[in-house]
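Participant: Sequence and predicted structure, then a few things I'm wondering about:
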Amino acid sequence: MFSVSDSTGQTIDAARRALTARLQAAGNDSAELDARLLVGAALGLDLTGMITAAQRMLTPDESDRLDAFARRRLAGEPVARILGIKEFWGLPLHLTAATLVPRPDTETVVERALELLRAGGATDRALRIADLGTGSGAILLALLSELPRARGIGTDISLDALETARRNAARLGLADRATMVNCDYGGELTGPFDLIVSNPPYIRSTDIADLAAEVRDHDPRAALDGGADGLDAYRTLISQSAGLLVPNGLLVVEIGHGQSGDVEALMTAAGLSPTGPPRADLAGIPRAVSARRLPR
Ligand code: SAM
Ligand code: GLN
C-alpha cells in the first residue's frame with residue numbers, strides 16, 4: 001500500500017523533497033523549513049551536514065525515525081514539539097509538555113525591556129530581574145544573555161516547567177545567575193527588583209476552543225488560560241509587581257490582541273506609570289506594555 005510517509009530506499013535529498021511536497025499538499029505553509037528541520041533532527045545533521053550527505057541513502061533506522069516525525073507533523077504536531085527544542089532570541093531552548101513553545105512575538109518584551117534599560121544607562125549594572133510565569137525560561141534567559149551582570153528569578157506554578165527552565169539555564173551557562181522558584185507569579189518573592197517581566201496566560205477561557213489546533217492541542221492549558229476576560233494573571237501580577245519594584249523600576253508584560261488599554265489601566269491603578277505606547281510585534285500588533293514604578 002502507498003504510504004504517505006515512507007522514506008525507505010531514498011537519498012537524504014529525495015526524502016527531504018518528498019517530505020516538503022507531502023507537507024505542502026497538506027496545506028503547511030512552512031513545508032520547506034519544517035522538512036529540513038525534521039530530516040536534520042532524524043539524521044542528527046545540521047544544514048551543512050545535510051548538504052554534504054545529500055546523495056547518501058537513508059539507513060533503515062533513519063528512515064523509521066523520519067517517517068515517525070513526518071506522521072506526527074502531518075497529524076498537526078508543531079515542529080518545535082517534535083524536536084523538543086525551539087530557538088528564542090538566538091538561544092536554543094529545550095521544551096517539555098509543561099512548557100509553552102516560546103514565540104517570536106515574545107521577543108518584543110525582551111526588546112522593550114532592553115530599550116528602556118539602555119535609555120536609562122543601566123545595562124551594565126548588577127540588575128535584579130524577575131520573570132513571572134517563566135515557562136522554558138525564555139524571557140529571563142534572553143535578558144541574562146544580554147546583561148552580563150544581571151541576576152534573575154523565574155517563577156512558575158508548574159514544577160515541570162521550572163525543571164525545564166533550570167536545565168535551559170544550565171545548558172546556556174546562565175545557571176549561576178538564574179534561580180527558579182515555584183510560586184503564584186511574584187507571590188513568594190521579596191525583591192526588590194529593577195525589572196519585572198512576564199508573558200502570562202492571557203487567552204479568555206471561552207476562546208481557547210477556537211485557537212489554532214497547534215496551540216490548543218499542544219501548548220499547556222495553564223500557559224494559555226487567562227480566565228473569563230483574559231486578564232486574571234495581570235490583576236495578580238501587576239499589583240504584586242508594584243510592591244516588588246524599586247522606585248523607577250520597570251514592569252514589561254506581553255499582552256494579547258486588544259488588551260493594552262485594560263492592562264495599562266491596571267498598571268496605573270497600581271501606582272505604575274506607562275512608559276509610552278505599547279511596542280508592536282513583527283506583525284504590527286501591540287505586544288509589549290511597559291510601566292515604571294513612580295518614585296515616592
Ligand atoms: N514566559 C514563557 C514564554 O514566554 O515562553 C512562558 C509563558 S506562558 C504564556 C505562561 C506561563 O505562566 C506558563 O509557564 C504557566 O505555567 C505559568 N503560570 C500560569 N499560572 C501561573 C501562576 N499562577 N503563577 C506562576 N506562573 C503561572
Ligand atoms: N501567544 C500565545 C498564543 O496566542 C498565547 C500565550 C499567552 O497566553 N501568553 O498563541
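Facilitator: Perfect, I can see it now. Everything numeric in this text was worked out from a predicted model, so none of it was measured. Ligands and ions are numbered 1, 2, ... in the order given.

Participant: Tell me where the stretch 51-200 of the chain has helices.
Facilitator: Listed in chain order, the helices of the stretch 51-200 of the chain (DSSP state H, counting those that start in this stretch) span 60-74, 79-83, 107-119, 138-146, 159-171.

Participant: which one of these is the most hemmed in?
Facilitator: Among the helices of the stretch 51-200 of the chain, ranked by average contacts under mean count of other C-beta atoms under 10 Å, first place goes to helix 138-146 (a mean of 25). Glycine gets a C-beta too; all of them are placed from N, C-alpha and C.

Participant: Find the centremost residue of the chain, please.
Facilitator: residue 102 (1.6 Å; C-alpha atoms, centre = their mean).

Participant: can you tell me which residues contact that one?
Facilitator: When contacts are counted by C-beta atoms under 8 Å, 6 or more residues apart in numbering, residue 102 touches 86, 88, 93, 135, 136, 138.

Participant: Does residue 169 touch residue 153 like I think?
Facilitator: No: using C-beta atoms under 8 Å, residue 169 is not in contact with residue 153; the gap is 11.2 Å.

Participant: shared neighbours, these two?
Facilitator: Shared contacts of residue 169 and residue 153 (C-beta under 8 Å, 6+ apart): 178, 180.

Participant: thinking again about what came up before, can I get the helices of the stretch 51-200 of the chain in a markdown table including mean pLDDT and distance to ligand 1?
Facilitator: Converted to a markdown table, the helices of the stretch 51-200 of the chain look like this (pLDDT from 0 to 100; distance: least, C-beta to the nearest ligand atom, whole Å):
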| stretch | mean pLDDT | distance to ligand 1 |
| --- | --- | --- |
| helix 60-74 | 95 | 21 |
| helix 79-83 | 96 | 11 |
| helix 107-119 | 97 | 8 |
| helix 138-146 | 98 | 4 |
| helix 159-171 | 98 | 5 |
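
Participant: Can you lay out these as CSV showing distance to residue 256?
Facilitator: Below are these laid out as CSV (distance: least, C-beta to C-beta, whole Å):
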stretch, distance to residue 256
helix 60-74, 27
helix 79-83, 20
helix 107-119, 13
helix 138-146, 16
helix 159-171, 20
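
Participant: wait, which of those helices is closest to residue 219?
Facilitator: Proximity to residue 219 (C-beta to C-beta) singles out helix 79-83 among the helices of the stretch 51-200 of the chain, at 8.9 Å.
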